[in-house]
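A.B. asks: give me a 3D structure for the following:
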Amino acid sequence: MAKLSPVFSVKRKEPELLPPAKPTPRESKYLSDIDDQDSLRFQFPFIMFYPNHPSLQGKDPAMVIKEAMSKALVHYYPFAGRLREGPNRKLVVDCTGEGVLFIEADADIRLDQLGETIRPPFPCCEDLLFDVPGSSNALGCPLLLIQVTRLKCGGFIFAVRLNHVMADSLGLVQFLNSVAEIAKGTDKPSLLAVWKREILTARDPPQVTCQHDTYNKLTHTTGSKEINMDSDYNLVQKCFFFSQKDIRSIRSHLLPHLRTSSTFEVLTACIWRSRTVALDHNPDEIVSVSCPVNARGKQGMEVPHGFYGNAFAYIAAVSSAKLLCENPLGYALQLVKRTKNRMSEEYMRSLADLMVIKGRPKCDTTSRSLLVADTTKVGFEKVDFGWGEAVYGGPIGSIDFTVYYANARCRNSKGERGIVVPVWLPPLAMERFEQEIEKMTREAVDVSHDKKYERIPSML
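C.D. replies: Numbering: from 1, shown residues only. Next up, the predicted model:
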């Protein structure tokens, strides 16, 4: 049953520029060659919902966060600057100290009235994160847009829009945790901000030594349907809830030796396969799923503690549509599992070199490609400005050819907690996708002795 969206209104004050609380260096800083790829030149929105905290009665969350953010920007002063493009499309941050955009607002609704709508797609999201006219360009605009919306119950909604070239989700959460620490009374963040984007800059001379399928335009078979998911095609968005019982049911479709795979791997294989079936591609079409793999902590990378730039690489699994759709789920799972194992220092160096050699290419955005990102362990819901942890923290929704996984601390109608996955698809494909997901979340018969479930070699 579709969730009912409550009707409420939001009254906003005029947006204002919020500069660092103290003077900061006036300088120019180059982004890394991972940061400034075309695929990251967009505004990435996130949202967090906070309940009332009785001991903070009378405290204004908007004012507390505003003051703390201004102080945190002293340590993260590049966020208060503006982007410009240099030779060869290289992005540079001019640290001007102009500030980030901040909006204060009030909504005539209580948190408990939102119920199951506290997950994507959110009602009135355009009012909870107002797109200030002229603020959404990649160049020459504020790099962060923040809106704090007070609720009638004393709780609030915190929404933020990030220019993705400045930071990945881990870097953004690091900044928000710094704001939260200051909001609760510390003088400075416990984790110092580290810029150091030069560690992910292309070599001289650049040399592509690895395969980067995410940035290759997949071959289109003559006579098959072409759907550009990055256009104004007639798409609908729906949010799918996967409880622990659902995940166990999906695992039951796998051979025993594959059932210990991570939730991310199992869910990604299921969604990739189900989406490909739903889009009804020509059997000879090559389809792909790309997963961002974190470079932090990887041997040889030396990404320092406190680094808040983009430190990940998209790594793709590829298959023909025929093999993906006609084989059991284990085939897709084995392809997905191998993506993480390909991350290395050389892979990141090769990717940075690719960006320079090929003019900072964009990911393929046709329906044959899918990007999957897991935000369940990033920590948005754990950012505590003093009101406790959020009941939801994560992306506002999916973006065309991209799927995000987020934690659902709120329960579904059965009282279960799980993972929420917002998906965009054409209407008929969405119907087929729902049918495939319904099949996969039903317990499978015992497959352990079925010949068709034997290990299948990958196409990689």
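A.B. asks: could you use CA atoms for every contact and neighbour count after this?
C.D. replies: OK.
A.B. asks: so Lys245 sits in a helix?
C.D. replies: Yes - per DSSP: H, G, I helix; E, B strand; the rest coil, Lys245 lies within a helix segment.
A.B. asks: burial of it, as a residue count?
C.D. replies: As a burial measure, Lys245 scores 15 neighbours (other CA atoms under 10 Å).
A.B. asks: what about it, distance to Lys217?
C.D. replies: As judged by CA to CA, to the nearest Å, Lys245 and Lys217 stand 37 Å apart.
A.B. asks: can you pull the contacts of the closest residue in space to Phe385 that isn't next to it in sequence?
C.D. replies: Of all residues not flanking Phe385 in the chain, Ala180 sits nearest, at 4.3 Å (CA to CA, 6 or more residues apart in numbering). If you count contacts by CA atoms under 8 Å, 6 or more residues apart in numbering, Ala180 has them with 65, 68, 383-386.
A.B. asks: helix, strand or coil for Ala180?
C.D. replies: Counting by three-state DSSP, the backbone at Ala180 sits in helix.
A.B. asks: could you check the distance from it over to Pro133?
C.D. replies: Note on Ala180: its distance to Pro133, by CA to CA, is 28 Å.
A.B. asks: tell me where the stretch 251-400 of the chain has helices.
C.D. replies: For the stretch 251-400 of the chain, the helices identified by DSSP state H, counting those that start in this stretch occupy 263-279, 321-326, 329-341, 345-357, in order along the chain.
A.B. asks: could you check the angle helix 329-341 makes with the longest one?
C.D. replies: Translated: helix 263-279. Using axes from the mean of the first three to the mean of the last three CA atoms, to 10 degrees, the direction of helix 263-279 lies 120 degrees away from that of helix 329-341.
A.B. asks: likewise for the last one?
C.D. replies: Angle of helix 345-357 versus helix 329-341, following the same axes, to 10 degrees, is 80 degrees.
A.B. asks: which stretch of helix or strand covers the residue lying closest to Arg442 once chain neighbours are set aside?
C.D. replies: Here the nearest residue to Arg442 in space, its sequence neighbours aside, is Ser249; by CA to CA, 6+ apart that works out to 5.6 Å. Using DSSP states H and E, Ser249 sits within helix 244-251.
A.B. asks: what's that helix packed up against?
C.D. replies: Using 3 or more CA pairs under 8 Å, 6 or more residues apart in numbering; DSSP states H and E as the contact criterion, the elements in contact with helix 244-251 are helix 263-279.
A.B. asks: give the rounded mean pLDDT of the helix it packs on.
C.D. replies: Across helix 263-279, pLDDT averages out at 96.
A.B. asks: what lies in contact with that helix?
C.D. replies: If you take CA under 8 Å, 6+ apart as the criterion, helix 263-279 is touched by 247, 250-251, 287, 289, 321, 324-325, 329, 332-333, 336-337, 367-368, 370, 372, 374, 429-433, 436-437, 440.
A.B. asks: stretch 134-143 too?
C.D. replies: Outside stretch 134-143, the residues that touch it by CA under 8 Å, 6+ apart are 41-43, 79-85, 99-101, 162-163, 166.
A.B. asks: picking that back up, distance check, the residue nearest to Arg442 against Glu345.
C.D. replies: The gap separating Ser249 from Glu345 is 37 Å, by CA to CA.
A.B. asks: low-confidence stretches in the stretch 251-400 of the chain?
C.D. replies: For the stretch 251-400 of the chain, residues meeting the criterion pLDDT under 70 lie at 399-400.
A.B. asks: alpha carbons only: can I get the helix holding Ser249 in CSV?
C.D. replies: Taking C-alpha atoms only, helix 244-251 is exported to CSV below (Å, rounded to 0.1, in the frame of the first residue of the first chain):
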residue,chain,number,x,y,z
GLN,A,244,16.1,-8.2,7.6
LYS,A,245,13.5,-10.9,6.7
ASP,A,246,13.5,-9.6,3.1
ILE,A,247,17.3,-9.8,3.0
ARG,A,248,17.2,-13.4,4.4
SER,A,249,14.7,-14.3,1.7
ILE,A,250,17.0,-12.9,-1.0
ARG,A,251,19.9,-14.9,0.4
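A.B. asks: residues of that helix that come out buried?
C.D. replies: By 16 or more other CA atoms under 10 Å, the buried positions in helix 244-251 come out as 246-251.
A.B. asks: which of the contacts of Ala180 has the largest number of neighbours?
C.D. replies: If you rank these by neighbour count (other CA under 10 Å), Ala68 sits at the top with 26 neighbours.
A.B. asks: can you name the element that comes right after the helix or strand hosting that one?
C.D. replies: Element membership of Ala68, judged by DSSP H and E, is helix 61-75. For helix 61-75, the succeeding helix or strand toward the C-terminus, using DSSP H and E, is strand 82-85.
A.B. asks: neighbouring contacts of that following strand?
C.D. replies: Around strand 82-85, the neighbours that count as contacts under CA under 8 Å, 6+ apart are 91-96, 98, 138-143.
A.B. asks: in that strand, what's buried?
C.D. replies: Along strand 82-85, these residues count as buried under the neighbour rule (16+ other CA under 10 Å): 82-84.
A.B. asks: CA atoms of that strand as CSV?
C.D. replies: Listed next in CSV are the C-alpha coordinates belonging to strand 82-85 (Å, rounded to 0.1, in the frame of the first residue of the first chain):
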residue,chain,number,x,y,z
ARG,A,82,33.7,29.6,-4.7
LEU,A,83,34.7,27.3,-7.6
ARG,A,84,36.2,28.4,-10.9
GLU,A,85,37.5,26.4,-13.9
